[in-house]
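Visitor: Sequence first, then the predicted structure, then my questions.
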Amino acid sequence: MNYNIFRAYDIRGKYPDEINEEIAYRLGQAYGSYIQEKCAETSCVVTHDNRLSSESLNENLVRGILSTGCNVYDYGLGTTPMHYYARYLEHKFGVMITASHNPKDENGFKFSLDHVANARGEMIEDFKNYFIAGNFKTGQGTLFRDSIEDKYIKYMVDNTNMGNNKPKIVLDPGNGTTCVIIKKIFEALNIKPIYINDVSDGNFPSHHPDPSVPENMTQLIDAVKKNKADCGFAFDGDGDRVGMVDEKGNIVSTEKYMIIIIREIFQKAFSKTFLYDIKCSNVLRDEILKLGGTPLEYRTGASYTEAKTKEENLAFGGEYSGHIFFRDRDACIGSGIYAALRVIEILSRDKSATITKLLKGIKQYENTPEIKYNVGDDKKFGIIEKIREYAHKNNYFTNEIDGVKIIFTNGWALIRASNTGPNLTMRCEAENKEDLEKLKRNIENLIEYYKNN
């Protein structure tokens, strides 16, 4: 098998070549054995998304876990945030079968090995070695089947405080797993949005469910303009990320989304430190400092972001790709739907508010989106090391918490090895378009040179 499916914060690969039922069963054996032997856990939670391969992978994963004597609470079809809530209620570890925002022919497993967040970094490496060794327990666990739906809807409603105004909202679940729950949540809140691509379909026929990619947002943009809506939101395949469009049909980057939230909660927040990942624009740092808060730049990855917000006891944190974590109320929620609700909540309390007004007064930078370069899993880390050596040789200041972020006098450039595919990712920012284009071209030339040398 291809052991590159073990990535920095999950297991992910193409179905059925890299991820299949046989591997799911073996992963179940490894997971059930590992959490009993190393974590003193005797049961776990399993949930799956709406990908076409997920149900059969779920069945075989559960079979493997049960074969070790570990009990399974199978919550069936649900979003990743629903899975997190099930883990929280049961106070158990768990496995979510999903490939998140990856293409429809891929699948994977997000799994936890503590009560903080999904497995990450060295945890996954240790589990990988345990999987390869193959010394699994045998026994007969008990299977429990249940639904989290009603409790989850109540949880979302109880942590949302809507005003009297009824903003016009467009929602695009992208035929992903949010389709199975989103209407019930909004109905419970007496919000009547306009839906597009709202039928669950693991073929993702309308567009790829990744709101961080601008071309996947075009249908939402058109629907917001056509309906003269106040804003629109899109969600990824498993529902833990959000993308946003303002009343004019402009994509609102996650950094700017976070500014809206931080401005709103700053006075009441129990912590004035706010976490964001290394990909984010300096606009977020500037705004946090302007408010009198402390910016905390951290590495990319939902599991790292969630763990750090809990470890540092922060009220709010997020990352560029659209993972948002709220801890300012009773809830501890990392949900794309909840992230959308918190903005709708602001609009519902002020009839004159618009997204444009909520973002007034921020500094403007020129930046690229996150750009991917396919270089292969076997080369990506070597290229990063060569770029690091290049930066040191030229005495550039760097931030190396995740990849290499080279800080120039006129901007910055970040180059990382993707943790979810055989790619390098790059993002640049500068004070003006001319400087941005120079930065981008220089980094692209470096990537191309080291790819071939």
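Guide: Sure, I can see it.

Visitor: For the residue nearest the centre of the chain, which residues are in contact?
Guide: What sits nearest the mean C-alpha location of the chain, by C-alpha atoms, centre = their mean, is residue 323, with 3.9 Å. Taking C-beta atoms under 8 Å, 6 or more residues apart in numbering, we find residue 323 in contact with 240-241, 302, 305-306, 334. Glycine gets a C-beta too; all of them are placed from N, C-alpha and C.

Visitor: Next one: it, what pLDDT does it get?
Guide: Note on residue 323: pLDDT of 96.

Visitor: Got the phi and psi for it?
Guide: phi -80, psi 120 (degrees, to the nearest 10).

Visitor: sorry, back to before: same list (the contacts of residue 323) but as JSON lines, adding pLDDT, secondary structure and neighbour count.
Guide: Below are the contacts of residue 323 laid out as JSON lines (pLDDT from 0 to 100; DSSP: H, G, I helix; E, B strand; the rest coil; neighbours: other C-beta atoms under 10 Å):
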{"residue": "240", "pLDDT": "96", "secondary structure": "coil", "neighbour count": "33"}
{"residue": "241", "pLDDT": "97", "secondary structure": "coil", "neighbour count": "28"}
{"residue": "302", "pLDDT": "93", "secondary structure": "helix", "neighbour count": "26"}
{"residue": "305", "pLDDT": "95", "secondary structure": "helix", "neighbour count": "26"}
{"residue": "306", "pLDDT": "95", "secondary structure": "helix", "neighbour count": "24"}
{"residue": "334", "pLDDT": "91", "secondary structure": "coil", "neighbour count": "26"}
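
Visitor: Skip the chain neighbours and tell me the closest residue to residue 224.
Guide: Ranked by C-beta to C-beta, 6 or more residues apart in numbering and with sequence neighbours excluded, the top spatial neighbour of residue 224 is residue 232, at 4.2 Å.

Visitor: tell me the SS of residue 109?
Guide: Counting by DSSP: H, G, I helix; E, B strand; the rest coil, the backbone at residue 109 sits in strand.

Visitor: what's the spacing between the nearest residue to it once chain neighbours are set aside and residue 131?
Guide: In this structure, residue 109 finds its nearest non-sequential neighbour in residue 11, 4.4 Å apart by C-beta to C-beta, 6+ apart. According to C-beta to C-beta, to the nearest Å, residue 11 stands 9 Å off from residue 131.

Visitor: circling back: spell out which residues sit in contact with the residue nearest to residue 224, please.
Guide: 169-172, 220-221, 223-224, 244-245.

Visitor: of residue 11 and residue 131, who's got more company?
Guide: Comparing residue 11 with residue 131 by neighbour count (other C-beta atoms under 10 Å), the higher total belongs to residue 11, at 26 against 22.

Visitor: OK, contacts around that one?
Guide: Counted by C-beta under 8 Å, 6+ apart, residue 11 has contacts 5, 19, 27, 108-109, 111, 124.

Visitor: can I get those in TSV with distance to residue 452 and neighbour count?
Guide: Below are the contacts of residue 11 laid out as TSV (distance: C-beta to C-beta, whole Å; neighbours: other C-beta atoms under 10 Å):
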residue	distance to residue 452	neighbour count
5	27	21
19	31	26
27	36	24
108	30	27
109	34	27
111	37	25
124	30	22
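
Visitor: okay if I get these as JSON lines plus pLDDT and distance to residue 62?
Guide: Conversion of the contacts of residue 11 to JSON lines gives the following (pLDDT from 0 to 100; distance: C-beta to C-beta, whole Å):
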{"residue": "5", "pLDDT": "93", "distance to residue 62": "19"}
{"residue": "19", "pLDDT": "97", "distance to residue 62": "16"}
{"residue": "27", "pLDDT": "98", "distance to residue 62": "11"}
{"residue": "108", "pLDDT": "97", "distance to residue 62": "16"}
{"residue": "109", "pLDDT": "98", "distance to residue 62": "12"}
{"residue": "111", "pLDDT": "98", "distance to residue 62": "13"}
{"residue": "124", "pLDDT": "96", "distance to residue 62": "21"}
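
Visitor: Farthest-apart pair in these, please.
Guide: Using C-beta to C-beta, the contacts of residue 11 reach their maximum pairwise distance at 19 and 124, which is 15.2 Å.

Visitor: can you pull out the helices in the stretch 201-350 of the chain?
Guide: 218-227, 254-265, 282-291, 302-311, 336-349 (DSSP state H, counting those that start in this stretch).

Visitor: Same question for the stretch 51-200 of the chain.
Guide: With DSSP H, counting those that start in this stretch as the criterion, the stretch 51-200 of the chain has helices spanning 54-66, 80-90, 122-133, 149-158, 182-188.

Visitor: Return the alpha-carbon coordinates of the fourth one using PDB.
Guide: In other words, helix 149-158. The C-alpha coordinates for helix 149-158 follow below in PDB (Å, rounded to 0.1, in the frame of the first residue of the first chain):
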ATOM      1  CA  GLU A 149     -29.200  15.100  14.900                       C
ATOM      2  CA  ASP A 150     -31.800  16.500  17.400                       C
ATOM      3  CA  LYS A 151     -29.200  17.200  20.100                       C
ATOM      4  CA  TYR A 152     -26.900  18.900  17.500                       C
ATOM      5  CA  ILE A 153     -29.600  21.200  16.200                       C
ATOM      6  CA  LYS A 154     -30.500  22.200  19.800                       C
ATOM      7  CA  TYR A 155     -26.800  22.800  20.500                       C
ATOM      8  CA  MET A 156     -26.500  25.100  17.500                       C
ATOM      9  CA  VAL A 157     -29.700  27.000  18.300                       C
ATOM     10  CA  ASP A 158     -28.800  27.400  22.000                       C
END
